[in-house]
Each structure stands twice: as structure tokens, then as C-alpha cells.
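Asks: sequence isn't available, so here's the structure alone:
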């Protein structure tokens with residue numbers, strides 16, 4: 001088949017159209033004022049896709065989002081924390097200056113102050129996490145709030161649904177907020193019994209065309225939050241899926257979660273309610289009627305605890321990247337050790353510099369990642385950083401037993417972080433995330449013990465490992481897309 005040669009006029013027209021397309025797309029992306037590397041990656045990547053790039057960027061490109069903060073709710077939460085003041089002042093006086101500065105950074109970046117917990121229990125594995133969550137929900141008498149990225153209609157999902165229905169029929173108010181993309185398998189048939197029982201179900205960023213002028217497909221709530229009666233709260237990496245439960249699947253993900261009690265729960269509650277108001281469009285003034293139930297006044301023995309704990313949130317509604325900053329600040333503060341566990345390791349320059357600088361000044365920096373995650377390109381991009389990390393003195397292990405899904409950081413014996421954020425661009429900039437920062441040894445020591453236990457199922461990455469050319473090329477190529485991952 002002979003393809004006719006285009007005329008000079010057609011070539012000129014196509015060239016002008018192509019140039020105009022690149023110019024418009026570039027201006028659009030540049031005006032987002034994002035990180036230069038990310039901006040250039042988008043421009044170069046989409047320039048290779050004539051016109052289709054416009055569609056891709058329209059659906060997946062960065063946007064500015066606004067999410068209302070419930071100022072009255074936050075003011076009430078702060079007003080109800082007088083019992084925390086003395087405890088936190090004493091803790092601040094004992095804490096190293098770097099940790100006091102970290103706490104101030106977290107407050108300034110996301111607006112949530114340091115609070116306290118009467119109990120903070122590390123939960124290892126989906127089975128223990130689900131048991132603890134089910135127990136707390138079963139004991140709830142006023143309300144149960146849940147927010148999840150993934151909620152599957154499988155064995156554990158069905159069991160939780162039925163428990164929520166039972167509590168709703170007993171008069172407990174149940175609100176369930178699910179990410180529309182992560183929980184896309186939840187259908188009307190599965191939800192019908194919940195809605196019939198009076199459970200309020202909402203979807204975060206519905207992905208259906210026409211739901212808003214420009215879809216927000218790329219911005220998900222990756223948060224995992226459970227709050228029962230404003231007294232008991234949960235957060236961490238465990239989603240509602242059989243993939244997290246070894247009782248159902250021997251190859252279930254290895255993950256950890258956190259159960260807390262005390263005043264700090266109010267900030268998980270506040271985070272959920274702000275997300276709920278944003279997703280549903282519900283008038284925040286309606287919450288004023290129930291504020292005494294949503295933020296109950298805890299007796300002294302139930303409220304103020306001796307565990308300083310700060311809930312930190314981040315998302316595309318703020319350019320301050322609070323969780324990213326807290327990770328970097330924590331690593332910079334390390335004097336003896338900084339042990340990081342993450343399923344997705346695609347660091348930006350500040351995070352990479354923090355890790356390598358800590359190792360170069362003699363800190364015991366360890367990184368635990370899965371040998372093979374559920375994303376081949378992310379695994380390849382992570383491997384591309386190994387050589388420079390090892391050269392700086394960072395020790396790297398690959399977890400080989402199962403898929404590693406934990407998201408934790410232990411710094412010395414003074415600071416522990418556990419939450420929903422991966423150590424990558426998507427979690428730090430694109431997703432709505434939440435994490436708990438615990439100051440002092442209450443969680444740092446058990447989390448460090450968990451890290452050492454996990455190393456028994458991991459293999460150390462050697463500096464002189466032999467790898468053929470093609471895998472190395474694949475890793476290096478994947479790294480080019482790291483700002484977009």
C-alpha cells in the first residue's frame with residue numbers, strides 16, 4: 001500500500017497545530033506552579049502523545065483543590081484539651097529540641113496540634129487489626145465513623161458490613177466514607193442492606209463522567225480511619241480486604257495498624273468529619289447539633305494521657321506537604337537510628353538527601369521494602385535508588401515472604417510514625433493521607449522490635465550485586481517517571 005505524501009500546506013498546518021498544542025499544554029502545566037521536575041516530566045511525557053496527552057492531563061494532571069476546614073469543630077476540639085496542656089508541657093521539656101520543632105512543624109503545616117493518648121497499641125497483621133476494629137465497633141453506643149481507600153465485598157468486607165448493620169439497627173449512627181476508585185467493586189447490591197438499615201454511605205471523588213466540570217480521578221482519599229464514640233480510633237495501612245487477612249489468604253499482605261484512646265482521637269474524628277463534609281456537601285452547621293456527641297468531653301482519666309501523639313494530615317488541598325515534611329524532619333533529627341518501612345519507595349530530592357545525609361553522619365539508616373510490590377514500575381524505580389543509598393551507608397533489605405504494605409518510621413527511641421502514606425510522590429502530594437506521630441518510647445520501641453522481626457523475612461541488598469544490563473536499563477527508565485508515580 002502506497003501512502004500518499006502530504007503536501008507542503010498540510011505539513012505546515014500540522015506543524016503549526018503541533019506547536020500550538022505543545023504551547024497551550026505547556027502554559028497550562030506551568031501555571032500549576034508545581035515542582036520543576038514534575039512539571040518537565042508532564043510536558044515531555046505528554047508532548048509525545050499528540051492531543052491524547054490533553055485528555056490524559058485533563059483527567060490525571062495536577063489540580064488545585066479546596067476543602068473546607070470545620071473551624072468550629074477544630075475550635076471545640078482545642079477548647080476541650082485543657083487536660084493535655086500540663087502533660088504536653090512536661091513532655092516538651094523532656095523532649096530533644098528537634099522533636100519540639102517537629103511538633104511545631106506539624107501544627108503549622110496541617111493545623112492540628114500535639115495531643116495525648118492514654119493508650120497506643122501497635123497491631124501487627126490484618127487479623128489482629130480486624131479483631132480490634134470489630135471489638136471496638138461492637139462496643140460502640142453512639143456512633144461509628146469509617147473512612148477507607150479499599151473496601152472489598154469479600155469475606156472480611158461482608159463481615160464488617162453485617163456488623164455495621166447490626167450496630168445501626170441498635171441505634172448507633174454509622175457513617176461510611178469510601179474512595180470511589182479504590183472501592184470500585186462495592187456495588188448497589190452490596191450497599192443496599194446498609195442503606196436499608198440507615199447507614200450513611202458516601203463516595204469520595206466519584207469517578208463517573210459528568211460528576212464535576214473536571215474529574216479528579218488522580219486525587220484519592222488513601223486514609224484509613226475508624227472512630228468509635230469519639231473515644232477509640234484506628235489508623236494505619238490495613239484496608240478492608242481479604243488480601244490483608246492471613247486467616248483467609250496465606251499470601252496476605254504484611255501490614256501494621258495503630259489503635260489509640262484518649263484526647264488524640266478527636267483529631268482523627270475532625271479529619272473524618274472534614275472529609276465527610278467535603279465528599280457529601282453536607283452543611284457543616286448540621287454537625288453543630290451533634291458536636292457534644294462527636295467530640296465528647298472525656299473524664300480526666302480517659303482524656304489526657306502520658307503519650308504525646310500528633311495526628312498529621314496532608315493532601316492536594318494544601319501545598320505544604322505536611323507528612324512529607326514530617327518524614328524529612330524526623331530523619332534529619334535522628335542521632336542513632338532512622339528505620340523506614342514502605343511498600344512504595346520513590347523519594348524526591350529532599351527525602352533522598354535526608355536519608356543519605358543521616359547515613360553519612362553516622363546514623364544507622366535502614367530501609368525495608370518489598371522484593372516485588374504490586375506495581376512493577378514502582379519496584380523498578382525503587383531499585384534505581386539503591387546504589388546511591390548504599391554508597392552513602394544506607395542499609396537496604398527486601399522483604400521476600402509476602403507483599404510488604406507497612407508504612408512506618410522509627411527515629412532513635414523518641415519518635416515513631418505510622419500511617420497511610422507511602423514514601424513516594426503520590427502519597428506526599430496527590431493523595432489525602434493521615435499519619436500518627438508518637439513522641440517518646442511508647443511506640444518507638446515496639447515498632448523497632450517489629451522492624452527487626454520483619455528483617456528475618458528479608459534479604460539484604462548487597463553493594464556488589466551482579467545485574468545484567470537490561471534490568472538496569474529498565475530500572476533507570478522507570479526512574480524517569482518517578483515524579484508521576
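Replies: Great, that's in hand. Quick caveat, the model's predicted, so the values are computed rather than measured. Numbers count the residues shown, from 1 in each chain.

Asks: could you verify my assumption that residue 382 touches residue 369?
Replies: Yes: between residue 382 and residue 369 there is a contact under Cβ atoms under 8 Å: 5.9 Å. For glycine as for every other residue, the C-beta is placed from the backbone atoms N, C-alpha and C.

Asks: please say which of these two ends up with more neighbours.
Replies: residue 382 (29 against 26; other Cβ atoms under 10 Å).

Asks: overlap in contacts, residue 382 and residue 369.
Replies: residue 345 (Cβ atoms under 8 Å, 6 or more residues apart in numbering).

Asks: what stretches of the stretch 151-300 of the chain score poorly on pLDDT?
Replies: Applying pLDDT under 70 to the stretch 151-300 of the chain flags the ranges 207-217, 284, 288-289, 299-300.

Asks: in it, which spans are strands?
Replies: Applying DSSP state E, counting those that start in this stretch to the stretch 151-300 of the chain gives strands spanning 173-179, 200-204, 225-228, 232-236, 256-261.

Asks: and these: which comes nearest residue 76?
Replies: Residue 76 sits nearest to strand 225-228 of all the strands of the stretch 151-300 of the chain, at 15.3 Å, using Cβ to Cβ.

Asks: can you pull the contacts of residue 245?
Replies: 126, 127, 130, 155, 156, 252.

Asks: go on, residue 221?
Replies: Taking Cβ under 8 Å, 6+ apart, one finds 147, 149, 177, 179, 204, 205, 275, 279, 431, 432 in contact with residue 221.

Asks: list just the nearest of the residues you listed to residue 238.
Replies: Using Cβ to Cβ, residue 149 is the member of the contacts of residue 221 that sits closest to residue 238, with 10.6 Å.

Asks: on that earlier part again, looking at the strands of the stretch 151-300 of the chain, which is nearest to residue 115?
Replies: Nearest of those (Cβ to Cβ): strand 256-261, 9.7 Å.

Asks: got the contacts of residue 221 as a markdown table, with distance to residue 327 and neighbour count columns?
Replies: A markdown table is the format used below for the contacts of residue 221 (distance: Cβ to Cβ, whole Å; neighbours: other Cβ atoms under 10 Å):
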| residue | distance to residue 327 | neighbour count |
| --- | --- | --- |
| 147 | 22 | 29 |
| 149 | 20 | 22 |
| 177 | 25 | 25 |
| 179 | 23 | 26 |
| 204 | 24 | 25 |
| 205 | 25 | 20 |
| 275 | 22 | 23 |
| 279 | 27 | 20 |
| 431 | 14 | 25 |
| 432 | 17 | 29 |
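
Asks: pull up the pairing partners for the helix or strand hosting residue 308, direction included.
Replies: Per DSSP states H and E: residue 308 is located in strand 307-314. Each strand paired with strand 307-314, and its direction, by DSSP bridges: strand 115-117 (antiparallel), strand 433-439 (antiparallel).

Asks: and the next helix or strand past the shortest one?
Replies: This points to strand 115-117. In N-to-C order, the element after strand 115-117 by DSSP H and E is strand 119-124.

Asks: just checking, what packs against that following strand?
Replies: If you count contacts as 3 or more Cβ pairs under 8 Å, 6 or more residues apart in numbering; DSSP states H and E, strand 119-124 packs onto helix 126-139, strand 256-261, strand 307-314, helix 441-455.

Asks: for these, give me TSV that also has mean neighbour count and distance to residue 463.
Replies: As requested, the helices and strands packed on strand 119-124 are arranged in TSV below (neighbours: other Cβ atoms under 10 Å; distance: least, Cβ to Cβ, whole Å):
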stretch	mean neighbour count	distance to residue 463
helix 126-139	18	35
strand 256-261	25	29
strand 307-314	26	34
helix 441-455	18	18
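
Asks: follow-up on the earlier one: now distance to residue 96 too, for the strands of the stretch 151-300 of the chain, in CSV please.
Replies: Output for the strands of the stretch 151-300 of the chain, formatted as CSV (distance: least, Cβ to Cβ, whole Å):
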stretch, distance to residue 96
strand 173-179, 37
strand 200-204, 38
strand 225-228, 30
strand 232-236, 25
strand 256-261, 23
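
Asks: of all these, which one is nearest residue 408?
Replies: Using Cβ to Cβ, the strands of the stretch 151-300 of the chain put strand 256-261 closest to residue 408, at 6.4 Å.

Asks: which helices and strands does the closest one pack with?
Replies: strand 119-124, helix 126-139, strand 232-236, strand 415-419, helix 441-455.

Asks: now for residue 76, how many residues are close by?
Replies: 19.

Asks: can you check residue 293 too?
Replies: Using other Cβ under 10 Å: residue 293 sits among 13 other residues.

Asks: give me every residue that touches it.
Replies: Per Cβ under 8 Å, 6+ apart, neighbours of residue 293: 142, 143, 230.

Asks: drop anything exposed from those.
Replies: 143, 230 (16 or more other Cβ atoms under 10 Å).

Asks: do you know how far residue 227 is from residue 275?
Replies: 12 Å (Cβ to Cβ, to the nearest Å).

Asks: now do residue 318
Replies: Taken as Cβ to Cβ, the span from residue 318 to residue 275 is 14 Å.

Asks: quick one: mean pLDDT for the longest helix along the chain?
Replies: Ranked by residue count and defined by DSSP state H, the top helix of the chain is helix 8-30. For helix 8-30, the mean pLDDT works out to 74.

Asks: and if you look at stretch 402-413?
Replies: 95.

Asks: burial measure for residue 323, as a count.
Replies: 29.

Asks: if we can go back for a sec, same list (the contacts of residue 221) but as JSON lines, adding distance to residue 67.
Replies: Listed next are these as JSON lines, based on distance: Cβ to Cβ, whole Å:
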{"residue": "147", "distance to residue 67": "14"}
{"residue": "149", "distance to residue 67": "17"}
{"residue": "177", "distance to residue 67": "13"}
{"residue": "179", "distance to residue 67": "15"}
{"residue": "204", "distance to residue 67": "11"}
{"residue": "205", "distance to residue 67": "11"}
{"residue": "275", "distance to residue 67": "8"}
{"residue": "279", "distance to residue 67": "9"}
{"residue": "431", "distance to residue 67": "13"}
{"residue": "432", "distance to residue 67": "8"}
